[in-house]
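Colleague: dropping the sequence and predicted coords here.
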Amino acid sequence: MDTTDAVTLLADLDLPGAVDPTVTPVIGGWASWTFDVAGEHILRVARDREISDAHRREERLLPELAAAVDFSVPVPIRVGDHRGHRYMVYRRLPGRPLRIGDPTEPVWRALRQLHAFPVDRALELLGESPSWHDRYANEYREWIDRLVIPVLDTDLADRMRYAYDRMLGRLHDLTPTLIHCDLGVEHVLVDEEHGEVTGLIDFETATVGDPAIDLVGLLIAFGETSLRRLLVAGGMSVDWPRLRFYRWMGAVHAIHHGVLTDDPAIVADGISGLRDRLGVTTRHE
């Protein structure tokens, strides 16, 4: 979808205050086309059927989540289908993305609130059934073996299989919560003056699972040494082997996406990231 298509869609939505709006693409993100509408609203349009289903889950979850937390979440004010793609419009949330050096105590407070949302209700709203462990043992394992392993060299494939199998047992021993599941620093909005969390955005991958995964974005941004210090100062704890596992699994997801979309650059970048995170050196013939 391009800007012209977005303007055509928006013209029929009768958004409050959006008369002849300026529509600007927001760069980044694999799942949805995203547009800023006059600095007042955000339009997100799902790229495929799977993401359309994710949008519908957001439509059910976000209004109730908004009522349960102190920070803002993107509650849709317009939803529908456009040329076979699910769309949502929500008011643009205040704040700017989290940066290194910002206070992290507000982030811990926001995560505690998110993870405290009633799990049974989250499952009801999201319509989920597989356990966290079963997702990795079955669903993820299937596409890893079918699509990811074939593009890896033998050393990297063997190391990944070994690390993956070792971690599966640890995924039984956790208390699942509602999780964002893609919480990069760009998805945490903070107040410029005080550093308070004003909102969390992009809940397409929200699910019930291991709360440790919501620290991966901070681990990537801050590094392990700094994150350890910040967690201790904030009275937070985490299972570090699981957190490191989710970090390198991010590279596996990138490879998977690159294979599905036939994008060699994403595949290559994902393989490079996986090597680095698993400590496997490049093989020279």
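Modeller: Yes, it's here. Residues are numbered from 1 along each chain as shown.

Colleague: now the strands for the chain?
Modeller: Here the chain has its strands, by DSSP state E, at 23-25, 32-37, 41-46, 76-82, 85-91, 96-97, 177-179, 188-190, 197-200, 207-209.

Colleague: neighbours around Pro74, how many?
Modeller: By the criterion of other C-beta atoms under 10 Å, Pro74 has 21 neighbours. Placement of C-beta: from N, CA and C, glycine included.

Colleague: now swap in Ser237 and tell me
Modeller: Ser237: 9 neighbours (other C-beta under 10 Å).

Colleague: isn't it up against Leu243?
Modeller: No. Contact criterion C-beta atoms under 8 Å: Ser237 and Leu243 do not qualify, at 10.8 Å.

Colleague: which residues touch Val79?
Modeller: His55, Glu59, Arg86, Tyr87, Met88, Val89 (C-beta atoms under 8 Å, 6 or more residues apart in numbering).

Colleague: any chance of the residues you listed in CSV with distance to Gly270, neighbour count and pLDDT as columns?
Modeller: Shown next, in CSV, are the contacts of Val79 (distance: C-beta to C-beta, whole Å; neighbours: other C-beta atoms under 10 Å; pLDDT from 0 to 100):
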residue, distance to Gly270, neighbour count, pLDDT
His55, 25, 22, 95
Glu59, 30, 15, 97
Arg86, 27, 23, 96
Tyr87, 29, 25, 95
Met88, 28, 22, 96
Val89, 32, 22, 96
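
Colleague: could you export the strands of the chain as CSV, including distance to Asp5?
Modeller: Converted to CSV, the strands of the chain look like this (distance: least, C-beta to C-beta, whole Å):
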stretch, distance to Asp5
strand 23-25, 10
strand 32-37, 9
strand 41-46, 8
strand 76-82, 8
strand 85-91, 10
strand 96-97, 27
strand 177-179, 32
strand 188-190, 27
strand 197-200, 27
strand 207-209, 30
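
Colleague: just so I know, which of these lies nearest Leu231?
Modeller: Leu231 lies closest, by C-beta to C-beta, to one member of the strands of the chain: strand 188-190, at 15.4 Å.

Colleague: isn't Ile100 up against Gly223?
Modeller: No. Between Ile100 and Gly223 there is no contact under C-beta under 8 Å: 9.2 Å.
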